[in-house]
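> Below are the sequence and a predicted model for it; my questions follow.
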There are 2 protein chains.
Amino acid sequence: MKNFNYNIPTKVLFGRGKVNEVGKEAKRYGDKVLLVYGKGSVKKSGLFDVVVESLKKSGIHIYKLPNIDPNPRIDSVYAGAELCRKMGINLIIAMGGGSVIDCSKAIAAQANYYGDVWQDLYVEQKLNTLTSALPVASILTLAATGSEMNGNSVISNMHTNQKLAIGHDLLRPVFSILDPEYTFTVNQYHTAAGVVDILSHLFEQYFTPDQEGYLQNRLMEAMMKTVIEYGPIAYNELDDYEARANLMWTSSLALNGMVTYGKVSTDWATHGMEHELSAFYDITHGVGLGILTPYWMKYVLSEENVHRFVEYGKNVWNLDGENNMEIANKAINKTREFFSSLGIPSTLKEVGIDESKLDKMAEQATMFGALGSMKKLYKEDVLAIYKMAL
Amino acid sequence: MKNFNYNIPTKVLFGRGKVNEVGKEAKRYGDKVLLVYGKGSVKKSGLFDVVVESLKKSGIHIYKLPNIDPNPRIDSVYAGAELCRKMGINLIIAMGGGSVIDCSKAIAAQANYYGDVWQDLYVEQKLNTLTSALPVASILTLAATGSEMNGNSVISNMHTNQKLAIGHDLLRPVFSILDPEYTFTVNQYHTAAGVVDILSHLFEQYFTPDQEGYLQNRLMEAMMKTVIEYGPIAYNELDDYEARANLMWTSSLALNGMVTYGKVSTDWATHGMEHELSAFYDITHGVGLGILTPYWMKYVLSEENVHRFVEYGKNVWNLDGENNMEIANKAINKTREFFSSLGIPSTLKEVGIDESKLDKMAEQATMFGALGSMKKLYKEDVLAIYKMAL
């Protein structure tokens, strides 16, 4: 096991009615809050009114930044940071899914920053230049990205066709409120995309070439089983509380760092490849991951790493077979079947992506070097996987 | 899933050489540290010198409270609290296993307390009367109790033959240093007892009559598998780093609250029964648990809860069988065999306990009411289990 410093200070208020506590929690940070949210689903669901009422009860002044995009843009970040500085905001509360939370973290970073976070942090990855940030909290309405408990933020720049990520402990939410009932209104399509996203986060941390991390790998199998158990239930019964609760809590634990602390490596190649799809075509992140993941598995599978796929097949899918390669291939097929059962397309063509930009996307996906650890993926490898997925 | 507030702020520094960072971490809390430790094994292992050097380098004044007993006594708590008040201690650092950490937490509670923590907190459980405590940190030398990441403390009172527990978030260590190399010197006997203790913590939270907690139960199975994989390796090869590291990190995650948040109930009957054994006979906690656990399983197993034992048998031991009762019984036998493979006795007689005090112990084990949730255990039930174990 590799050395690590475990540090997950985010407080989580989980369950029915917890939103009513937002005012009391927020008050610890001051009396000026910036509410960040999307295109209005939080108003339709009634969440917005509950939050505003609780904040007002605690004597908090509310400022608003609505209309955050599903792939949040750097332009929203600049606008939010400007507002924070002008109004002297004490706490940013993101209401929504990963996009809104990621955007809020970027705003929190930019608000007190001397330079341009896009260039310095997202492009050049000079993470140690960030020495302070406004506190961020979140009220989650979509189980998927795990952003509610980690310091990660993914931002898109449509001017440069780039979608880039950072991770910084200063950007971990100080508290997050997770009420599964507010995910009942997530439709089948986005429920499916969320389920794929959670599984993909687990795959990216699970499929690694090293032998260490026994405990971590078993914990991830436990989470995969949970998603496989409850994903279809939530998909078919959008207001099943137990299913929504298990998905929501799994999404947080899957990407708060816990399952990676102590592991020697992670992969993240599939996310790297997918980010280009949504940067160029603005498709739903989870759908892109669902298309690519089984092709990635087939492409990287080898005699050297087959044992990892065998563990996955046996422990997650209860598979058996004549030999390791057979079990591994069965496990990959199971993965595709599971995604298909949730209505996730299995080709890029189905989401309107043709050959025209594959080369450019493969180029950009590998601009910082090869992707992945199970197998190093260079531009030609990424292109080959994109072509398999056509 | 039940509502919960997740709050695990303990920072964990895990791995080789991390002890050298104790001075830097401690300095955040002030410059007067009370070092609490046992009968000298920390001196033999060299840990003591490393800690003292690091603290001195950071300009910290060191006060000492040695000779803490394996089942820590309330008398040590009073002595430590007195020292803290007299010297103006800023931080208590426990060096050792669960006993030393539990004792340090009790000292931290007593130091600023207006009354007697034994009577008010341990006996009467008036937990809300504790409104502040000195910060506690730990340097762990035995993987077992999980005390390094939670707010639990078990203290014995040899005057009254009582061993009682409390849990309070104010007593969670502010940081804990876990270097698996410092557990290499734990002998086979105590390694085995620690392995049983970790498994028992998982059983106490896993075996519950409710149907909810799918994710939590899968996470606990992942931890059980890890203990079953690495327990025998550490037992047979005391200095196997990977085995010690997996056991150590599992012991922390198994009892920091994570796997219980969201579950409707827990059991803890076996711990309740064992506490009397060590209160009356001062035997090793993990050994007492190892003797009692399979008898407890047999006693509580019923048609109503057999599915929980089937999950355990299938998911942890890969068992199958003609019917549920067969799988359940196989799983219980596997548990006993596993303990026996680590040299854990299977009867009370083997550790010098005869019939003479069973009635008195059963009386005391149930003095606050029935134990457990899988099956409510009244005095007669506890006595029956003790007798099975003779």
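Structure's in. What do you need?
> State the mean pLDDT of the strand or helix carrying A:I385.
Take DSSP states H and E as the rule and A:I385 turns out to sit in helix A:379-389. In this model, helix A:379-389 carries a mean pLDDT of 98.
> what does stretch A:151-164 give?
Taken as a whole, stretch A:151-164 has a mean pLDDT of 89.
> That stretch and chain B, any residue contact?
No: in terms of CB under 8 Å from any CB of the partner chain, no part of stretch A:151-164 sits within range of chain B; the closest distance is 14.7 Å. C-betas here are computed from N, CA, C, even on glycine.
> what sits against the residue positioned nearest the centre of chain A?
For chain A, the residue lying nearest the average C-alpha position, counting by CA atoms, centre = their mean, turns out to be A:T145 (2.4 Å). With contacts defined as CB atoms under 8 Å, 6 or more residues apart in numbering or on different chains, the neighbours of A:T145 are A:97-99, A:101-102, A:152, A:197, A:201, A:251, A:255.
> Can you classify it as helix, strand or coil?
Classification of A:T145 into helix, strand or coil gives coil, according to DSSP: H, G, I helix; E, B strand; the rest coil.
> Tell me the pLDDT of it.
Taken from the predicted model, the pLDDT recorded for A:T145 is 84.
> for the helix holding A:I385, which positions count as buried?
A:379, A:381-386, A:389 (16 or more other CB atoms under 10 Å in any protein chain shown).
> So of those residues, which two are at opposite extremes in space?
Using CB to CB, the two most remote members of the buried residues of helix A:379-389 are A:K379 and A:A389, lying 15.7 Å apart.
> So what touches stretch A:327-338?
Identification of contacts with stretch A:327-338 by CB under 8 Å, 6+ apart yields A:228, A:231, A:293-294, A:297-298, A:301, A:306, A:309-310, A:312-314, A:316-317, A:319-321, A:346.
> mind running it again at 7 Å?
Residues lying outside stretch A:327-338 but in contact with it, judged by CB atoms under 7 Å, 6 or more residues apart in numbering or on different chains, are A:228, A:293-294, A:297-298, A:301, A:306, A:309-310, A:312-314, A:317, A:319-321, A:346.
> Surely A:N20 forms part of a strand?
No: when the secondary structure is assigned by three-state DSSP, A:N20 falls in helix instead of a strand.
> Do I have it right that it meets A:S54?
Yes: with contact defined as CB atoms under 7 Å, A:N20 and A:S54 form a contacting pair (5.5 Å).
> Which positions in stretch A:163-179 come out as buried?
Counting neighbours by 16+ other CB under 10 Å, stretch A:163-179 gives A:163-166, A:168, A:170-179 as buried.
> which pair in these spans the largest distance?
Of all pairs drawn from the buried residues of stretch A:163-179, the greatest distance, 30.9 Å, lies between A:L164 and A:D179 (CB to CB).
> who in the stretch 151-300 of chain A is up against chain B?
Applying the criterion CB under 7 Å from any CB of the partner chain, the portion of the stretch 151-300 of chain A that neighbours chain B consists of A:212, A:214-215, A:218-219, A:221-222, A:225-226, A:229, A:242, A:245-246, A:249-250, A:262.
> same thing but at 10 Å, please
Proximity of the stretch 151-300 of chain A to chain B is assessed by CB under 10 Å from any CB of the partner chain, with A:175-176, A:178-180, A:211-227, A:229-230, A:241-250, A:252-253, A:258-259, A:261-262 identified as the residues in range.
> Run through who's touching stretch A:301-314.
Outside of stretch A:301-314, the residues within contact range by CB atoms under 10 Å, 6 or more residues apart in numbering or on different chains are A:202-203, A:206-211, A:217-218, A:220-221, A:224, A:297, A:300, A:319-321, A:323-335, A:373-375, B:318.
> if we go to 6 Å?
Among residues not part of stretch A:301-314, those counted as contacts by CB atoms under 6 Å, 6 or more residues apart in numbering or on different chains are A:207, A:209, A:319, A:324, A:327-328, A:330-331, A:374.
> A:E337: how many residues sit nearby?
Neighbour count for A:E337, taken as other CB atoms under 10 Å in any protein chain shown: 11.
> do you know how far the residue of chain A most remote from its centre is from A:R336?
Residue distances from the centre of chain A (CA atoms, centre = their mean) peak at A:E322, which lies 36.4 Å from the mean C-alpha position. Using CB to CB, to the nearest Å, one obtains 21 Å as the distance from A:E322 to A:R336.
> same thing with A:S147?
Relative to A:R336, A:S147 is positioned 27 Å away (criterion: CB to CB).
> quick one: which of these two has more around it?
A:S147 (33 against 18).
> for the longest helix anywhere in chain A, packing partners?
With secondary structure taken from DSSP state H, chain A has its longest helix at helix A:214-236. Using 3 or more CB pairs under 6 Å, 6 or more residues apart in numbering or on different chains; DSSP states H and E as the contact criterion, the neighbours of helix A:214-236 among helices and strands are helix A:188-206, helix A:241-254, helix A:306-317, helix B:214-236, helix B:241-254.
> can I get those helices in JSON lines with mean pLDDT?
Written out in JSON lines, the entries for these read as follows (pLDDT from 0 to 100):
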{"stretch": "helix A:188-206", "mean pLDDT": "97"}
{"stretch": "helix A:241-254", "mean pLDDT": "97"}
{"stretch": "helix A:306-317", "mean pLDDT": "97"}
{"stretch": "helix B:214-236", "mean pLDDT": "98"}
{"stretch": "helix B:241-254", "mean pLDDT": "97"}
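> Any chance of CSV for these, columns mean neighbour count?
Formatted as CSV, the entries for these read as follows, by neighbours: other CB atoms under 10 Å in any protein chain shown:
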stretch, mean neighbour count
helix A:188-206, 25
helix A:241-254, 26
helix A:306-317, 20
helix B:214-236, 23
helix B:241-254, 26
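> Out of the ones you listed, flag the one nearest A:Q119.
Each of the helices and strands packed on helix A:214-236 has some distance to A:Q119 by CB to CB; the shortest is helix A:188-206, at 26.4 Å.
> can you list contacts of stretch A:195-205?
A:144, A:220, A:223-224, A:227, A:231, A:251, A:254-255, A:259-260, A:266-268, A:286, A:289-290, A:344.
> Distance from the helix holding A:I385 to the middle of the chain?
Distance of helix A:379-389 from the chain centroid (CA atoms, centre = their mean, to the nearest Å) equals 23 Å.
> Need the contact partners of it.
A:273, A:291-292, A:295-296, A:299, A:348, A:358, A:362-363, A:365-366.
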